[in-house]
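[1] Give me coordinates for this.
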Amino acid sequence: MSQEAMAYSPLIHLVDDDAAVRDALATLIGTVGLRVQSWASPEQFLREFDRAAIGAIVLDVRMPGVSGLAVLDTLISQGVDQPVIMLTGHGTVEMCRRAFKSGAVEFLEKPVNDEPLLEALQNAVRLHVRARERDSSNRVARERYGQLTEREREVLGLIVAGLTNKEAGRALGVSPRTVETHRANLFAKLESESLAALIRQYGRIIDDATA
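    Just a heads-up that it's a prediction; the model follows:
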C-alpha cells in the first residue's frame with residue numbers, strides 16, 4: 001500500500017497487554033481491510049499514537065499499571081475523537097455503565113465473537129469519518145463567515161432569523177434592493193446553494209458569535 005493510500009486508510013489502535021489476544025484480534029481485524037497498530041503498553045499508546053488518523057481504538061479494560069477505563073478518561077479529557085471500543089474478560093454492569101458514561105461507543109466481553117467486534121469497528125470508523133467531515137465543514141464555514149463584512153453578517157443574521165428582504169431592509173434602514181444585493185453576495189461568498197443550506201450551516205455560528 002502506498003504512503004498516500006495509507007494516509008486515508010482507517011487505522012485501528014489495539015491496546016491489550018496480552019500478546020496472544022493482540023495477535024488474534026489484529027489478524028481478525030485485518031480480514032476486513034482495516035490497518036491495525038498494536039500496543040502492549042497503555043502508557044506508550046497514550047504518548048505515541050497518531051491522534052490525526054481516521055479509525056478507532058480497541059481498549060482492554062484490565063491492564064497492569066493503567067486500567068483501560070483510566071486510559072479512556074485520559075483520551076476524553078484530551079479531546080481525542082477516535083471512537084473507543086472497550087473489551088473485558090471480567091465485565092460487570094457497573095463497569096459497562098461507567099465505560100459508556102465516559103464516552104465508549106461499545107463494550108464487549110472476552111472471548112469476543114468475530115462478527116460483533118467487526119461490526120462495531122466498521123460502525124465506529126463510519127462514525128469517525130462522518131464526525132471528521134462535519135468538523136471540516138464547520139471549520140470551512142467559520143473561515144468563510146470570518147471574511148464577511150459587518151453589514152453582511154447583519155444581513156445574514158436577519159435572513160437566518162427568517163426575515164424577508166423588505167423586513168430586513170426596514171430593520172437595517174436600507175432598501176429591500178440593497179438587502180437583495182447583500183444576500184446575493186452572501187450566497188456567493190459562503191458558497192451556499194439554498195436558503196435551507198445557509199440556515200443549517202450558519203445558524204449555530206451566528207448564535208455563537210452573538211452569545
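[2] Does anything pack onto the strand or helix carrying E94? Which helices or strands?
    Element membership for E94, per DSSP states H and E: helix 93-102. Helices and strands in packing contact with helix 93-102 are listed as helix 68-77, strand 106-109; criterion 3 or more C-beta pairs under 8 Å, 6 or more residues apart in numbering; DSSP states H and E. Placement of C-beta: from N, CA and C, glycine included.
[3] Please identify which of those is closest to V140.
    Closest of those to V140 is helix 68-77, at 26.0 Å (criterion: C-beta to C-beta).
[4] can you pull the alpha-carbon coordinates of the closest one into CSV?
    Taking C-alpha atoms only, helix 68-77 is exported to CSV below (Å, rounded to 0.1, in the frame of the first residue of the first chain):
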residue,chain,number,x,y,z
GLY,A,68,-8.5,0.7,30.3
LEU,A,69,-11.1,3.0,32.0
ALA,A,70,-8.3,5.3,33.1
VAL,A,71,-7.0,5.4,29.5
LEU,A,72,-10.5,6.2,28.3
ASP,A,73,-10.8,9.0,30.7
THR,A,74,-7.5,10.4,29.6
LEU,A,75,-8.5,10.2,25.9
ILE,A,76,-11.7,12.1,26.5
SER,A,77,-10.0,14.7,28.6
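[5] picking that back up, with T164 as the reference, name the closest of the helices and strands packed on helix 93-102.
    Nearest to T164 among the helices and strands packed on helix 93-102 is helix 68-77 (44.9 Å), distances taken as C-beta to C-beta.
[6] which residues sit against that closest one?
    For helix 68-77, contacts defined as C-beta atoms under 8 Å, 6 or more residues apart in numbering pick out 15, 42, 45-46, 57, 59-62, 82, 84, 86-88, 95, 98-99, 102-104.
[7] Mind doing that once more with 6 Å?
    42, 59-61, 84, 102-103 (C-beta atoms under 6 Å, 6 or more residues apart in numbering).
[8] Quick check: ChimeraX command selecting the buried ones in those.
    Selection of buried members from these for ChimeraX, criterion 16 or more other C-beta atoms under 10 Å:
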select :42,59,60,61,84,102
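[9] CSV please, covering the contacts of helix 68-77 and showing pLDDT, distance to A24 and secondary structure.
    Output for the contacts of helix 68-77, formatted as CSV (pLDDT from 0 to 100; distance: C-beta to C-beta, whole Å; DSSP: H, G, I helix; E, B strand; the rest coil):
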residue, pLDDT, distance to A24, secondary structure
P42, 95, 19, helix
L59, 96, 16, strand
D60, 94, 13, strand
V61, 92, 17, coil
V84, 97, 20, strand
S102, 87, 26, helix
G103, 90, 26, coil
